[in-house]
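Undergrad: I would like to see how this sequence folds:
(chains A, B, C and D, ligands or ions: 4)
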Amino acid sequence: MTGSRPVLTMTGISKAFPGVRALHDVDFRLFPGEVHALMGENGAGKSTLIKVLTGVHHIDEGTVTLAGDQTAFTSPMQAAAAGVSTVYQEVNLCTNLSVAENVFIGREPRRFGAVRWGEVRRRARELLARLDLDIDVSAPLGSYSLAVQQMIAIARSIDVRARVLILDEPTSSLDAGEVAQLFRIMRQLRDEGIAILFVTHFLDQAYGIADRITVLRNGTLVGEYRTEELPQLSLVEKMIGKELDVLARLDRQPRRPVAARSSGTPLVETSDLGRKGAVAPFSLRIHPGEVVGLAGLLGSGRTEVARLLFGADRADDGHVTIDGSRTPLRTPVQAIGRGIGFCSENRRAEGIVPELTVRENMILAMQAARGWARPVPRRRQDELVERYVNALGIRPAGPDVPVRNLSGGNQQKVLLARWLITEPRLLILDEPTRGIDIGAKAEIQKLVVELSDGGTAVLFISAELEEVLRLSHRVAVMRDRTMVAQLDNDDTLDAERVMRTIADGTGRR
Amino acid sequence: MSTATHRLRRLTSHRLFWPALVLVLMIVANTIHRPGFLAVEVNDGRLYGTPIDILRLSAPLILVALGMTLVIATGGIDLSVGSVCAVSGAVVCLHIGRSPDQNSLSTVLTALALALGAALVLGMWNGVLVAVVGIQPIIATLILMVAGRGLAQLITEGQIITINSGPYRAIGLGHLLTLPLAIFIALAAALVVAALTRRTALGLIVESVGGNAEASRLAGIRSRRVIFLVYVVSAACAALAGFMITANVSSADGNAAGLWIELDAILAVAIGGTSLAGGRFFLGGTVLGALIIQTLTTTVYAMNISPQTSLLFKAVVVIAVCLIQSPGFRARFHHRRRRAAPGPAAPHRKKEQVPA
Amino acid sequence: MSGSSLATARAWRPTLPRRHLPVLVTLALLLVMYGIGVSQYRAFSNVQVVLNVFIDNGFLLVVAVGMTFVILTGGIDLSVGSVVAMTAMVSAALLQDGLPAALVLVIALLIGPALGFLMGCAIHFFDIQPFIVTLAGMFFARGMCTFISDASIPITDGFWTAMSQKRIGDPAGNFVSISVLIAFAVVLAAAYLLAYTRFGRTVYAVGGNSHSALLMGLPVGRTRIAVYTVSGLCSAIGGILLSFYTLSGAPLIAVGMELDVIAAVVIGGAVLTGGSGYVFGTVLGVLVLGVIQTLITFDGSLNSWWTRIVIGGLLFAFILLQRLIGIRFK
Amino acid sequence: GNSDTGGDPGGDETMTLGFSQVGAESGWRTANTTSIKEAAAEAGIELKFDDAQQKQENQIKAIRNFIQQKVDVIAFSPVVESGWDTVLKEAKDAGIPVILTDRAVDSADKSLYKTFLGSDFVKEGRLAGEWLVQNTASATGPVNIVELQGTTGSAPANDRKKGFAEAIAANPNLKIVASQSGDFTRAGGKQVMEQFLKANPDIDVLFAHNDDMGLGALEAITAAGRTPGKDILIITIDAVRDGMQALADGRFNFIAECSPLLGPQLMELAKKVHAGEEVPARIETQETTFTQQQAKEALPNRRY
Ligand SMILES: Nc1ncnc2c1ncn2[C@@H]1O[C@H](COP(=O)(O)OP(=O)(O)OP(=O)(O)O)[C@@H](O)[C@H]1O
Ligand SMILES: Nc1ncnc2c1ncn2[C@@H]1O[C@H](COP(=O)(O)OP(=O)(O)OP(=O)(O)O)[C@@H](O)[C@H]1O
Ligand SMILES: [Mg+2]
Ligand SMILES: [Mg+2]
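TA: Ligands and ions are numbered 1, 2, ... in the order given. From the prediction side, this is the model:
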């Protein structure tokens, strides 16, 4: 591998957006038969590097050489034709088409120009089976959860006989099982000589699969390293540019005692709340200041629970009690009125309003709660926005940038800020740390602890079991759209026991 | 000098610069064709001249386009405005025409109130269809576009109702401070809408709903209510426009009043920079767009462009306005210019090589 | 380990009827409407009444098929009515000048797509909103009509007359015109194109999410330009059919037709934001408008304004039911 | 409506007439419709009325449906003059006689319809022009005329323009200095006239293709500080009530009538045609012209 020549070389790449210099003089090399991790904080320029490579954006300066030929793709179509297969950050598929079609569109098997639908479906099923995914391939993509969609995007990219495979944060919503499955396939492809560029915020994943790591910071290249020669701690330092033992601090985070929290009247209590076809009736209590984690596999119904609690979907069974009195929760407005906030996992479809600015996106929920006649005074807006931009490290810091121009991770932070500004009594966080860099992740985790110390209840959903265990007082386990157990997070609870619960549906030790 | 170029660049990058430039160009072309085009004289204590005509005649279009802007900002469209103009105009004229004293102010006010009420009902009808029943806006409002004109004719019984009411005429032809009252009405409406949307949070809420309805719902915005509201506002604006149109000729023509005004209004909104996909809206741009359209019409008359070719002329101007405004078009020119200029030398600085 | 849980919920649920549900509801309502007509007016049950709906709406159908492509990508084409008129005008004018029919056909069928292509380019390359571009196209084409002639031009050409007056029918005297056959051919071709070719599937993808489609490496620009060209072509064919139908070119014909066409497509279940809809739905949409029209003529007691109000009312009732039943079954 | 009343040929005595109207685009048209409806009721003829909303397509559809309903006679006011052969042939094959009203069709085959009842737009334009030629015979200098055309491409607009132009060719002093479409509406007439007045300082005559545009132009002329009827002669066509009023008040100078009251004549014709009697191929409506004096006399008993 070391002896061969790079299949892809990018030299002196610069790219500026109005007001932002996303990349400045960046070099990057990719060898055949390697997995190369591209790492950096949110907004470091990882996605931009990928987008200029594949022709989504024009390159301002610099050259790209693919397999010895200098190239300048002007559209992703050209890049794909030249053997560069890409999964972009955020799922970029068409929700109106069927799963099978999403996998094959643009290169469907045809006979006399006519698409052979049977063949498309058969091959899609096979391909998804490789990823251990057994779903109805003729159903529209939109009927599946984001995680499933991410798997399908991956399936699409690996089906091509590509020279270069680019995966921009493919694992952000996958759980450990899927990640392992994905890695198996990546290794297989690597061994076939394919060069893989892999972006992730998970250090373990980088160390688990990457041969080399390139680090970007603030649009500039920090360096390219062999994985085994780069200790985790110094990787983090290179990414964030200062010496900070985030990792060490994260690991030391103690699990907190349970008993103190779960007494007294619960803030929210559900009795047999359920919705046909979505989630079986469940009863859950959340006390003020309590962090309840929701664990479960893909599509196990975690998001559905969250949506019911927020009134985003209407429950057709059971009822909710807030502060001891029965409360209808049929619309988000009602939920917000009772002090509930919900940060959706699907930030693009259900979170940000792309045309609006960072400022407007942040104050949106607060403004909605105040009603249209009472606009949030400009001074207060500035104050709030500045506070959360700093607290969450949102970049670029300008509050009047359209949120569409922010990097994925920064958009997520804006959403989080939207809800923190409303000072909710119960904050539902569905995958809040997805796509967020390691520094910011630590900040968010710290924030959850602080919120809970300040008396705010949190319902915390994450595909990372570790994270759930680290933060929660109690863990509710979902399986097949049923809440099968609620486990106190005491000394006896560990990841393995949660997994076992998920597997057999009981909480027995 | 560099501050001057900087200022120029700031100016040219302003959203309204290019539409405004087009407007100026059209006026210049007219003035060259007929030097008296810009002449304004005082006649009877009133200003009289083509520019005044343009302002006065664009007033109804501005009104309709204001409402349309809000509707479009939510991602909708309102095809029924023309019919609403006709209905409101018909109701007013019918009431005034039937009353014994057409010049009494109270008669006119009652008539206006009645007609406005009728328009609001029509607006609510649209609002309910779109926001509550969930019919696609273009079809929901098409229903009223077709039926509304029938309604207007039903009210006028297919005739042109001619009235002779001084106070009512004033809406279309009255003067205030030497300028036509219609201009002030349109201006006032623009200011009210601007204040309502920009001084309160309504504008933000509308833009948010148009930008991402589901995200807005989950942020606690009552999207439906907002959508309902914009259709009502649009109908109210259309009613005002209907008053002006009918007052201008002192007669209600159920068939012709406001015919095709919806297309002009949508065009004005689009020229003003508001995307038809919803989201951000620009009231100033809309007003400018309406002025451009009226100037265009007046130009056709003033230059005596033959009726046979006037539509071709319109097509050319509309495309020119949009091209000059389109970032894509300008970027292409930029590119060409930039490529022509010698690019900065490639960076020679070598980065420290990291072990491969 | 995850596969097992994923497999459960939806896997066996039949998805086909759900996707086609709007179309089925529309079809059912259309039949109900027809049934009402039959029960109210005796002559309504004649087969020829149904055939007439096709004869009278053949050109509308063809144009609506073109519009379906555009709407599926999330665009809109306001120029169709004018392009139809322009094509008819050009044909009539050229025939009057004595050009052979075949040549006239070729020229007439080139103008529409050429204009569509230009509009598509303006929309794609310069990123101007389709509404404006096609509105300008509408002005242009209508302007061309009056420019060519401000009075209507009769067509006396033998081929045109034959196409116009040929009746294909059964011994009982029921017949359709050749236009109907052409319209059906266009419908079938379009349905095939949309369902079975890469181009057609890309149309759906672009309408679903054009940004995603671009990132998926699909030829978004080419597709977008192509749909406006297709719409231009369909308008041109529609224009030819209309000139068969009326044996003339008139400058003011098909005014406001774009709205009928858009209405037909949307009633047929297409969503204006793009990505969902079927050609078959469009056929139903056209039939709905046609049957409404027929009902009103058969009634024959409405005066002019009541005609409009009743058209609006029937449209409303239809769409409301379509919507409510659709929700109910979902 | 609910019952099927059309379509029993030879059954009971009532005769059915299918009538397809252009639309309801003007007061003139509405008066025309009313006249026909009233006359049908009076004559005991069952009327199937259809409004085509200014679309030829709709009229063809309507005629097809009339054929299906087996009405006894079909009458219609064609939206445009060409393009009727196919459907008229179908009517002929079905044995239903057709009467044209208001506007002719240009079919080469005259057997496709029985008769054409209506006014002659070219003649109206010519009458207007002739009056002008007479009344400006004494003028020595050039006489500047502005023309407000009807909807571009519509038959009345084309024909009235043509007739007028033919007539004024008699006097070389008469010159049309500007001609623009006012879409047959008051608002259009007014807006165009405003610009005419600014672009042409010395307008002597206004010729408007209908009363409504002339009425709109009146306002523009007054606003410009000129006196309609004196400073600027105004000639229009139609003679609807508001126009006649303006004429009687001395604000218009001449109107060539275009009468919408075809109903009684049409019913009479329909009966004859149904009975198989021969009728002349062209019947003109009884029409006249009005000067200011005649208008004053006629005004009290105008019906529309
Ligand atoms: N289309 C755009 N217009 C303007 N600025 C942009 C655009 N796309 C990206 N940027 C800016 O470029 C910078 C780099 O963004 P990029 O998406 O490459 O970050 P990233 O490293 O992928 O971050 P993340 O981990 O959050 O995905 C950010 O500051 C972002 O705001
Ligand atoms: N096996 C499946 N078959 C069909 N649809 C599924 C399946 N699993 C999930 N979905 C769809 O995905 C959506 C989200 O599912 P759910 O809320 O249960 O996911 P989750 O537990 O939050 O997991 P994640 O968000 O990690 O995907 C649901 O609307 C459901 O329709
Ligand atoms: Mg990124
Ligand atoms: Mg989820």
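Undergrad: What is the neighbour count of the closest residue to D:P280 other than its chain neighbours?
TA: Nearest residue to D:P280, sequence neighbours excluded (C-beta to C-beta, 6 or more residues apart in numbering or on different chains): D:T115, at 6.5 Å. Quick note: C-beta positions are derived from backbone N, CA and C, even for glycine. A count of nearby residues for D:T115, using other C-beta atoms under 10 Å in any protein chain shown, gives 22.
Undergrad: cool, and A:A373?
TA: By other C-beta under 10 Å, the burial measure for A:A373, its neighbour count, is 10.
Undergrad: show me what contacts it?
TA: For A:A373, the contact set (C-beta atoms under 8 Å, 6 or more residues apart in numbering or on different chains) comprises B:T200, B:A201.
Undergrad: Then C:A205?
TA: C:A205 is in contact with A:C94, A:L97, A:I105, C:S212, C:A213, C:M216, C:L218, C:G275, counting by C-beta under 8 Å, 6+ apart.
Undergrad: show me where pLDDT drops low in the chain?
TA: Picked chain A for this. Residue ranges of chain A with pLDDT under 70: A:1-3, A:242-263, A:505-509.
Undergrad: please go with chain D instead
TA: For chain D, applying pLDDT under 70 flags the ranges D:1-13.
Undergrad: Which residue ranges of it form helices?
TA: D:27-43, D:56-69, D:85-93, D:121-135, D:155-168, D:186-199, D:211-223, D:241-248, D:263-274, D:292-298 (DSSP state H).
Undergrad: Tabulate these (TSV), appending mean neighbour count and distance to chain C.
TA: Formatted as TSV, these follow (neighbours: other C-beta atoms under 10 Å in any protein chain shown; distance: least, C-beta to the nearest C-beta, whole Å):
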stretch	mean neighbour count	distance to chain C
helix D:27-43	21	7
helix D:56-69	25	4
helix D:85-93	20	5
helix D:121-135	21	12
helix D:155-168	22	5
helix D:186-199	26	16
helix D:211-223	26	17
helix D:241-248	22	19
helix D:263-274	21	14
helix D:292-298	15	27
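Undergrad: tell me which residues form a beta bridge with the residue nearest to D:P280?
TA: D:I99 (DSSP bridges).
Undergrad: List the buried residues for stretch B:26-39?
TA: By neighbour count on 16 or more other C-beta atoms under 10 Å in any protein chain shown, the buried set for stretch B:26-39 is B:M26, B:I27, B:N30, B:R34, B:F37.
Undergrad: Indicate whether the helix or strand containing C:M163 makes contact with chain D.
TA: Using DSSP states H and E, C:M163 sits in helix C:158-165. Yes: Helix C:158-165 comes into contact with chain D (C-beta under 8 Å from any C-beta of the partner chain), by way of C:T161, C:S164, C:Q165.
Undergrad: Enumerate every residue touching the first one.
TA: By that I understand C:T161. C:I155, C:L247, D:D85.
Undergrad: Any figure for the gap between the residue in chain B that ligand 4 sits nearest to and ligand 2?
TA: Closest approach between chain B and ligand 4, counting by C-beta to the ion: B:L218, at 14.1 Å. Noted for B:L218: a distance of 15 Å to ligand 2, by C-beta to the nearest ligand atom, to the nearest Å.
Undergrad: That residue: how many residues sit nearby?
TA: By other C-beta under 10 Å, 27 other residues sit near B:L218.
Undergrad: Would you point out which residue is most central in chain A?
TA: The centroid of chain A falls nearest to A:R434 when counting by C-alpha atoms, centre = their mean (2.8 Å).
Undergrad: How about chain C?
TA: C:A64 (0.8 Å).
Undergrad: give me phi/psi at the residue of chain A most remote from its centre?
TA: In chain A, A:F112 marks the outermost C-alpha relative to the chain mean, sitting 41.5 Å out by C-alpha atoms, centre = their mean. Main-chain dihedrals, A:F112, degrees, to the nearest 10: phi 50, psi 40.
Undergrad: Residue of the stretch 301-450 of chain A nearest ligand 2, please.
TA: A:T303 (3.0 Å; C-beta to the nearest ligand atom).
Undergrad: near chain C, anything from the helix or strand hosting that residue?
TA: Remark: A:T303 resides in helix A:302-310, with elements defined by DSSP H and E. No: Helix A:302-310 is not in contact with chain C by C-beta under 8 Å from any C-beta; minimum separation 10.5 Å.
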